[in-house]
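> Give me a 3D structure for the following:
(chains A and B)
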Amino acid sequence: MSQSSKNISTVAPDLRSRIGNVEFKNPVLVASGTFGYGAEAKDYCDIEQLGGIVTKSVSWKPRVGNHPHRIVETPSGMLNSIGLANVGVHTFVKEKLPYLAKFDTKIIANIAASSMEEYRDVLELIEQNAVENLAGYEINVSCPNVKDGGLSFGTSVERTEELTALLRQSTDRLLIIKLTPNVTSVAPFAQACERAGADAISLINTVVGMAVDIYNREPRLSTVTGGVSGPAVKPIALAKVYDARKASAIPIIGIGGIITAEDAVEFLIVGSSVIQVGTANFVHPDAGVRVAKGLEEFLRAQGIAHVTELVNSLKVRAELKAAGW
Amino acid sequence: MTPEDSQMLSRVTRRREIAPGLVTLRFLNPKVAHTTVAGQFVNVLPKVGFLDPMLRRPFSVYNIDGDEAEIIIQAHGRGTNILTETREGDMLDVLGPLGNPWNTASGDFKTAVLLIGGVGVASMQLLTRTLVSSDVPVQTFYGARSKTLFALDGLTNLHLSTDDGSEGFHGSNIALLRSQLEEGSIASPKLFVCGPTGMMRAAKALAAEFKIPCELSLETEMACGIGICQGCPVVTDDETFNTTGKRFRLVCMEGPSFAAERIVI
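Numbers count the residues shown, from 1 in each chain, chains lettered A, B, ... in the order given. A predicted model of the protein is given here:
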């Protein structure tokens, strides 16, 4: 299956992708906060054609989220400040997980919290109520829109490492740490996650930004600043993935402005094992399926037998690498 | 992603320019045409394949006829400017129908009073049709900046007002309605309101003053339109906040129309 050969366009390319001991039917997941808990998009998207679903962040208690205004459109993207509005982990395990268990795709539960203990308690409650297709956890240490949220972890290498090590003790499923781009370099964070036993890192979460109403001179978001997402952040995301890839061998889940299959291919080449489609779901609820289908067409057209051949295949000249690029 | 992949693409069959910057687009979409109930909306891309602007824009369904539906667009920003330049034969990417209908069956009124400001007329033609077909008396108070900006198709029992005095009552439709409420000439009214925020706020106060039911159709910043992004809430001001702590309601899933006394505007 993994053998590459040209001119095999009559054979369906193999899109199966792997992180740790989990196999995804294709490398296209939908990002946390852009696909609800699955049910919201089911009328618009064939969920079973996705590699997986990363669910909306859950915390121990439900959160109502931030005061409006929560979103603003910006050039080739948007700003959001939702504030982790979520149903809470108890409703999640009682109602949302059993619903998601019906679908033939992998589920990754995203967790947001404001203390080490809360992260652990939420994870353990989900673990106790796990369903068969629950592949693992994505730990949100990077939400820029709550004052008491995980970003205090996500901007400290030491706390990221400590949290990862703690959570590692509570599950054998995939443990994925979702990193923020709002640091000088993601490299030490990637290394810390690898040292502490994470199975993968996912990046990027949103880039801090703002927008101003020039007529009444007020910020356009209720929290003044928010997180930028969409095609506008794709070049930033690719550079962060590249930075993490050079610094660490930990598997990477690439996120940031992926709209088309070609965008996804860029992330795979730079070093992502799988990718997540995020903001695009707000425009086309079936955006992930469109990317997965486009990826298959791309592989076929390029005579690539297995999608994993793309992963980490970036060609950078030796002298550039030697110079630190 | 090619446009052909989408099942939401709808060919524009007619474009009408009602006034400068005010355009109706009629498009072929049997699903929207056959299932929309007055008050529901569609979420429409400014231009197929564009990444900037990239988000859909919500529009009330203005009219339906056979397999075709129609929206009315006022150019007031980048997305709506692009949309008003759509030509006949172009494709629109339309998601819908979304949201909930006007509550015409609340049983607490005899006369439906449609209070319209500007392009707030968007859902009123279908609402009028629904009410008239149920033999509910309708009175329509429609205000615009100037006489050229009215879209009068399918409305009934009109009381027009303009800011510049070029047509009907010179002043606000709120003032015009107030005078009629004071006379007591409208039997057991309920207000169905859509217009600028200031007008809706005044309508809510007017309804509270005269103790009459009032429903507001709201527009907020919105991305997905289907309850995923959580970007479009309004602030609630009703008993559910005290009992459930639920502070916000999504306009896309629980609206776009709300009983006026339940929300903060």
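> Would you mind confirming that A:Ile53 is in contact with A:Leu100?
Yes: between A:Ile53 and A:Leu100 there is a contact under C-beta atoms under 8 Å: 6.8 Å. (C-beta placed from N, C-alpha, C; glycine too.)
> For the two, indicate the residue with more neighbours.
Between A:Ile53 and A:Leu100, A:Ile53 has the larger neighbour count (other C-beta atoms under 10 Å in any protein chain shown), namely 29 against 22.
> Tell me the helices and strands packed up against the strand or helix carrying that one.
Per DSSP states H and E: A:Ile53 is located in strand A:52-54. Under the contact criterion of 3 or more C-beta pairs under 8 Å, 6 or more residues apart in numbering or on different chains; DSSP states H and E, strand A:52-54 touches strand A:28-30, strand A:106-112.
> So which bits of stretch B:218-233 are buried?
By neighbour count with 16 or more other C-beta atoms under 10 Å in any protein chain shown, stretch B:218-233 contains the buried residues B:218-233.
> picking that back up, return every residue with contacts to both of A:Ile53 and A:Leu100.
Both A:Ile53 and A:Leu100 are contacted by A:Gly38, A:Ile107, under the criterion C-beta atoms under 8 Å, 6 or more residues apart in numbering or on different chains.
> Mean confidence (pLDDT) on the lengthiest helix in chain B, please.
In chain B, with assignment by DSSP state H, the single longest helix is helix B:197-210. The average pLDDT within helix B:197-210 is 97.
> Tell me the helix or strand right after that helix.
Per DSSP H and E, helix B:197-210 leads on to strand B:214-217 as the next helix or strand towards the C-terminus.
> can that next one be found next to chain A?
No: figure legend: strand B:214-217 not in contact with chain A (C-beta under 8 Å from any C-beta of the partner chain); closest approach 15.2 Å.
> partners of that strand in the sheet?
strand B:189-194 (parallel), strand B:257-259 (antiparallel) (DSSP bridges).
> Which one, of these, ends up nearest to A:Asn66?
strand B:257-259 (19.9 Å; C-beta to C-beta).
> Not counting its own residues, what contacts that closest one?
Here strand B:257-259 makes contact (C-beta under 8 Å, 6+ apart) with B:39, B:100-103, B:192, B:213-218, B:234, B:249.
> top of these by neighbour count?
The residue in the contacts of strand B:257-259 with the most neighbours, by other C-beta under 10 Å, is B:Phe192 (30 neighbours).
> where exactly do the helices run in the stretch 151-265 of chain B?
B:173-183, B:197-210, B:239-244, B:251-254 (DSSP state H, counting those that start in this stretch).
> Looking at the helices and strands packed on strand A:52-54, which one is packed in the most?
Of all the helices and strands packed on strand A:52-54, strand A:28-30 carries the top mean neighbour count, a mean of 30, counting by mean count of other C-beta atoms under 10 Å in any protein chain shown.
> Other residues contacting that strand?
With contact meaning C-beta under 8 Å, 6+ apart, strand A:28-30 is reached by A:50-54, A:106, A:108, A:253, A:264, A:274-278, A:281, A:287-289, A:291-292, A:295.
> Grab the CA positions of stretch B:165-181 and hand them over as CSV.
Extracted C-alpha coordinates of stretch B:165-181, given in CSV (Å, rounded to 0.1, in the frame of the first residue of the first chain):
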residue,chain,number,x,y,z
GLY,B,165,-41.8,64.2,3.7
SER,B,166,-41.7,63.2,0.0
GLU,B,167,-44.5,60.6,0.5
GLY,B,168,-47.2,60.1,3.2
PHE,B,169,-46.6,61.2,6.8
HIS,B,170,-43.6,63.5,7.3
GLY,B,171,-41.8,61.8,10.2
SER,B,172,-41.4,58.3,11.7
ASN,B,173,-43.7,55.4,11.3
ILE,B,174,-43.5,55.0,15.1
ALA,B,175,-45.1,58.5,15.5
LEU,B,176,-47.8,57.7,12.9
LEU,B,177,-48.6,54.4,14.6
ARG,B,178,-48.7,56.0,18.0
SER,B,179,-51.4,58.5,16.9
GLN,B,180,-53.5,55.6,15.7
LEU,B,181,-53.0,53.6,18.9
